[in-house]
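Visitor: pasting the structure only:
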């Protein structure tokens, strides 16, 4: 019996991008789109419901981002391979992608064939990165993992701390962040001070400026 098509879901908050990707990918008989979503939360739920072979996520969404929701899947032993498709390249984004066990990070500047090629390769168990992303990575052959070559101190933070810092950089209050991430205000406030201590920054405004300079906040 011949294998069925590769089952793929798409998550992006721009409807035009979703429709263009869906149209492009459906030209290939060996790939099937099983669903699309326009928020990270909806994408996470769809991933659980459909358990596709490959899930393609943009990075930045209003409110909760892709890293926020995918970090919680680390211990679920899901077989879905994750590809990030983004217009943004920064050490901290690549670090976060690696930290949530992504199999690929493709830049939107690549030719359209890059995405279908990436789908096939990650489905076959390979890692796929755009050339400019690959330049930032070191491969550990013993653990079959990558790590980012960087001097950014942001990569010393946990995924949860990076998420909170991104929200702070967008000017959100502790209360707003607590609501967005379903955490207590006390927990968010505690993490805020731990982040500041780790980075040696003791002013919230300067903390936000630092995050923006390092490319954590998309503006």
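Guide: Yes, it's here. Since the structure is predicted, the reported quantities are computational estimates derived from the model, not experimental observations.

Visitor: only C-alpha atoms from now on, for both contacts and neighbour counts.
Guide: Fine.

Visitor: show the pLDDT at residue 208.
Guide: At residue 208, the predicted lDDT confidence score is 86.

Visitor: element containing residue 193?
Guide: When elements are assigned from DSSP states H and E, residue 193 belongs to helix 185-199.

Visitor: okay, the residue nearest to residue 91 when sequence neighbours are not counted and residue 59: tell me how far apart.
Guide: Take residue 91 and drop its neighbours on the chain: the residue closest to it by CA to CA, 6 or more residues apart in numbering is residue 150, 6.5 Å away. With distances taken as CA to CA, to the nearest Å, residue 150 is found 20 Å from residue 59.

Visitor: got the buried residues for the helix holding residue 193?
Guide: In terms of neighbour count (16 or more other CA atoms under 10 Å), helix 185-199 has its buried residues at 185, 188, 189, 191, 192, 195, 196.

Visitor: how does this protein divide into domains?
Guide: Here the domain parsing of the chain from automatic domain parsing is 6-148, 153-213.

Visitor: quick one: low-confidence ranges for the protein?
Guide: Low-confidence segments of the chain, defined by pLDDT under 70: 1-2, 74-76, 218-219.

Visitor: what's the first helix or strand after the helix or strand hosting residue 34?
Guide: Under DSSP H and E, the secondary-structure element containing residue 34 is strand 31-37. Helices and strands here follow DSSP H and E; after strand 31-37, the next one along the chain is helix 40-50.

Visitor: all the strands of this structure, residue numbers only.
Guide: Defined through DSSP state E, the strands belonging to the chain, from first to last, are 6-11, 31-37, 54-57, 81-86, 104-107, 128-129, 137-140, 145-148.

Visitor: got the contact list for residue 191?
Guide: 161, 164 (CA atoms under 8 Å, 6 or more residues apart in numbering).

Visitor: so how far is residue 100 from the closest residue to residue 139 other than its chain neighbours?
Guide: Using CA to CA, 6+ apart and skipping the chain neighbours, the partner closest in space to residue 139 is residue 146 (4.5 Å). As defined by CA to CA, residue 146 lies at a distance of 12 Å from residue 100.

Visitor: nothing else from me, thank you.
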